[in-house]
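Trainee: Let me see the structure of the following:
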Amino acid sequence: MQDEDQNVVERIRAGDKEAYALLVRKHQARIRQLCLWTLGNAAEADDAAQEVFIKAYRGLGGFRGAAGFSTWLHRIAVNHCRDLLRKRGRQPTESWDALREEKGEAAEALVVREDPVIQRRQLQEVLDRLPEQVRTILILREVEGLSYEELAEFLGCSLDAVKARLRRARAECAEKARHFLQPADV
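Mentor: Just a heads-up that it's a prediction; the model follows:
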């Protein structure tokens, strides 16, 4: 699969600019989904995914092929979404108690697990309140389905480091979710 992407990149570098559409079609859904999970807004995700592909096209000269094209593209997407979040000023600083107070009865409704729309909103609520690095590794592994090897390449660390980071990220997410979903007895 990486060889296939690399062949398309070589065609583009050789002047076949139309070949880029092949890469866009192949990776568009995953990049949009990554942007959606990171930004939490469909319209922003659509715009962000489009910008990611523009940045990638402009940066193809810098693509060395040491990492797979999809890994390189994911890195661009994550960095672009981080920039958007910084510009937006959205940082997970809200306390869990404030969230319960703000959501009231609506927070309890998020516990309904049968409805996939509610499940997605519920997960997004938890992810939005995690630190950026924790959120990123969870999205890349659990949502995007990157392998441990792809994560190691993406993060520039060993497989053991990836496993340790994921273990900590999953524990933090579970703790936040447990705390978030507890009925407020107070």
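Trainee: in the chain, which helix or strand is least confident?
Mentor: Ranked by mean pLDDT, DSSP states H and E, the weakest helix or strand in the chain is helix 105-109, scoring a mean of 49.
Trainee: ok, residue 49 - contacts?
Mentor: 28, 31-32, 35, 77 (C-beta atoms under 8 Å, 6 or more residues apart in numbering). For glycine as for every other residue, the C-beta is placed from the backbone atoms N, C-alpha and C.
Trainee: Pull out the buried members of those.
Mentor: 31-32, 35, 77 (16 or more other C-beta atoms under 10 Å).
Trainee: Check the offset of stretch 76-91 from the chain's centre.
Mentor: 11 Å (C-alpha atoms, centre = their mean, to the nearest Å).
Trainee: what about the closest residue to residue 48 other than its chain neighbours, which SS state?
Mentor: In this structure, residue 48 finds its nearest non-sequential neighbour in residue 35, 4.1 Å apart by C-beta to C-beta, 6 or more residues apart in numbering. Three-state call for residue 35 (DSSP: H, G, I helix; E, B strand; the rest coil): helix.
Trainee: I'd say residue 35 and residue 79 touch.
Mentor: No. Counting by C-beta atoms under 8 Å, residue 35 stays clear of residue 79, with 11.6 Å between them.
Trainee: distance between the ends of stretch 138-154?
Mentor: 13 Å (C-alpha to C-alpha, to the nearest Å).
Trainee: chain center to that stretch: distance?
Mentor: Distance, centroid of stretch 138-154 to centroid of chain: 10 Å (C-alpha atoms, centre = their mean).
Trainee: Tell me which stretches of the protein form helices.
Mentor: 2-13, 20-39, 42-58, 69-88, 96-103, 105-109, 116-128, 132-138, 148-155, 159-181 (DSSP state H).
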